[in-house]
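**Q** Provided below for reference: sequence and predicted model.
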Amino acid sequence: MGKRLEAVTKTFDVLKQYTLAEGAELVKKGATAKFNETIELHVRLGIDVKQSDQQVRGTINLPHGTGKSKKVAVVAKGEKQKEALAAGADIVGAEDLIDQISKGNMDFDVLVSTPDTMKDLAKLGKILGPRGLMPNPKSGTVTFDIGKAVKELKAGRVEFKADDSGIIHMGIGKASFTPVQIADNARVILEALLKAKPAASKGIYMRSVALSSTMGPGVRLDPNQKF
């Protein structure tokens with residue numbers, strides 16, 4: 001453990017479970033690196049991800065955004081291209097954009113498409129899939145309502161999805177955020193996770209919750225508190 005991290009861990013009890021407000025204060029104080037660290041939320045869920053009826057996935061609009069402007073690309077045709085540009089999309093195209101992606105040119109953070117272009121995009125699954133960039137109806141990135149999707153993504157809409165271990169890892173803001181902003185963003189995600197609890201999930205659902213910064217230690221939160 002480096003001296004900086006060791007000093008931070010002495011400012012709080014690493015074994016204690018804090019309230020969300022307390023945790024937000026502590027994680028901000030612990031973000032002492034020389035850059036604007038990302039604040040992350042980690043939630044371990046009591047689900048069996050191997051079961052199709054225990055998947056936890058969805059999207060949520062963060063009240064304070066993520067602190068990072070997403071570069072949004074849109075695959076669409078005709079008037080939908082104009083709609084995407086008017087909403088603030090960074091890259092817009094159809095066959096030309098698909099061709100660029102096939103060559104490995106993916107200078108964007110999220111890809112949105114209309115349903116009628118998915119047939120061509122599906123051919124790029126081996127390129128987009130491993131990078132988590134393949135548009136998906138469940139994440140709201142396959143839609144004819146292109147304008148709304150682009151605006152929400154630019155404003156701070158994020159996707160949550162449990163990994164193979166049943167854990168949600170999400171960037172929810174920056175160290176430059178106030179503790180209140182950090183807590184607000186975390187709260188809406190935690191509330192969304194509770195609402196997304198699969199009916200087939202048995203036992204304790206929200207097993208552990210923690211906040212951390214890119215270079216800082218994790219701060220445990222009480223998973224039983226009212227968020």
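**A** Happy to help now that I have it.
**Q** what packs against the lengthiest helix in the chain?
**A** Across the chain, the helix with the greatest residue count (assigned by DSSP state H) is helix 179-195. Secondary-structure packing of helix 179-195 (3 or more Cβ pairs under 8 Å, 6 or more residues apart in numbering; DSSP states H and E): helix 20-30, strand 38-45, strand 57-61, strand 157-161, strand 167-174, strand 206-213. Bear in mind the C-beta positions are built from the backbone N, C-alpha and C, glycine included.
**Q** go with 6 Å
**A** Here helix 179-195 touches helix 20-30, strand 57-61, strand 167-174, going by 3 or more Cβ pairs under 6 Å, 6 or more residues apart in numbering; DSSP states H and E.
**Q** worst mean pLDDT among those?
**A** Among these, strand 57-61 carries the lowest mean pLDDT, at a mean of 89.
**Q** any buried residues in that one, and which?
**A** The neighbour-count check on strand 57-61 (16 or more other Cβ atoms under 10 Å) flags 58, 59, 60 as buried.
**Q** now stretch 112-121
**A** Applying 16+ other Cβ under 10 Å to stretch 112-121 flags 112, 113, 114, 117, 121 as buried.
**Q** repeat for stretch 99-115
**A** 101, 106, 108, 110, 111, 112, 113, 114.
**Q** what's opposite the fifth one in the beta bridge?
**A** If I follow you right, that is residue 111. residue 73 (DSSP bridges).
**Q** thinking it is in contact with residue 133, fair?
**A** Yes. Counting by Cβ atoms under 6 Å, residue 111 does reach residue 133; the two are 5.0 Å apart.
**Q** show me how the chain divides into domains.
**A** 14-66+157-221, 72-155 (automatic domain parsing).
**Q** I appreciate the help and will end here.
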